[in-house]
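Enquirer: I need the structure of the sequence given here:
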Amino acid sequence: MAQASRRIVTEVHDEPHLEGRRVTVRRIQALVERAGKSAAEVSDQFDLEVADVYAALQYYHTHPEEMAAAERKQREREANARQSGATSLAELQQERDEEMDDVSDSS
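Expert: Now for the predicted structure:
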């Protein structure tokens with residue numbers, strides 16, 4: 001497990017995520033609240049402290065407008081990718097990963 005709890009930040013990626021990690025607040029929320037995984041399962045999956053999972057959930061629920069904006073932006077990116085010829089979820093994920101790499105490389 002990770003040694004210290006991580007802060008929620010937005011300065012590198014275009015949506016809130018755990019500092020030093022690529023896992024977003026929305027991803028954690030989806031795994032816990034939609035997929036039904038426990039906080040312990042999610043913390044193990046991403047090598048986090050359970051407190052990090054709860055911090056992400058708290059952030060998600062205390063920043064509803066920001067989370068809704070992040071969801072809209074993601075849908076727009078996926079729609080643009082489809083219009084550009086992406087035909088599968090794997091291709092969309094690859095494009096998302098490449099965007100994140102580009103942002104990381106430029107900072």
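Enquirer: show me the contacts for the nearest residue to Y60 once chain neighbours are set aside.
Expert: In space, Y60 comes closest to Q29 once its chain neighbours are excluded; the distance is 4.4 Å by CB to CB, 6 or more residues apart in numbering. Using the backbone N, CA and C atoms, a C-beta is placed for each residue, glycine as well. Applying CB atoms under 8 Å, 6 or more residues apart in numbering to Q29 gives the contacts 56-57, 60, 67.
Enquirer: Helices - which of those residues land there?
Expert: 56-57, 60, 67 (DSSP state H).
Enquirer: and E66, what pLDDT?
Expert: As predicted, E66 sits at a pLDDT of 94.
Enquirer: Phi first, then psi, for E15.
Expert: Backbone torsions for E15, taken as degrees, to the nearest 10, come to phi -150, psi 160.
Enquirer: now the helix or strand where the residue nearest to Y60 lies, how far from the centre of its chain.
Expert: Per DSSP states H and E: Q29 is located in helix 25-29. Put simply, helix 25-29 sits 5 Å off its chain's centre (CA atoms, centre = their mean, to the nearest Å).
Enquirer: got the contact list for the most centrally placed residue in the chain?
Expert: Nearest residue to the geometric centre of the chain (CA atoms, centre = their mean): T24, 1.9 Å. By CB under 8 Å, 6+ apart, the contact list for T24 reads 13, 15-17, 70.
Enquirer: Generate a ChimeraX selection restricted to the buried subset of those residues.
Expert: Command for ChimeraX that selects the buried part of those, burial taken from 16 or more other CB atoms under 10 Å:
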select :13,15,16,17,70
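Enquirer: so what pLDDT did the residue of the chain positioned farthest from its centre get?
Expert: No residue in the chain sits farther from the centre than G85, which is 24.0 Å out by CA atoms, centre = their mean. Looking at G85, its pLDDT is 82.
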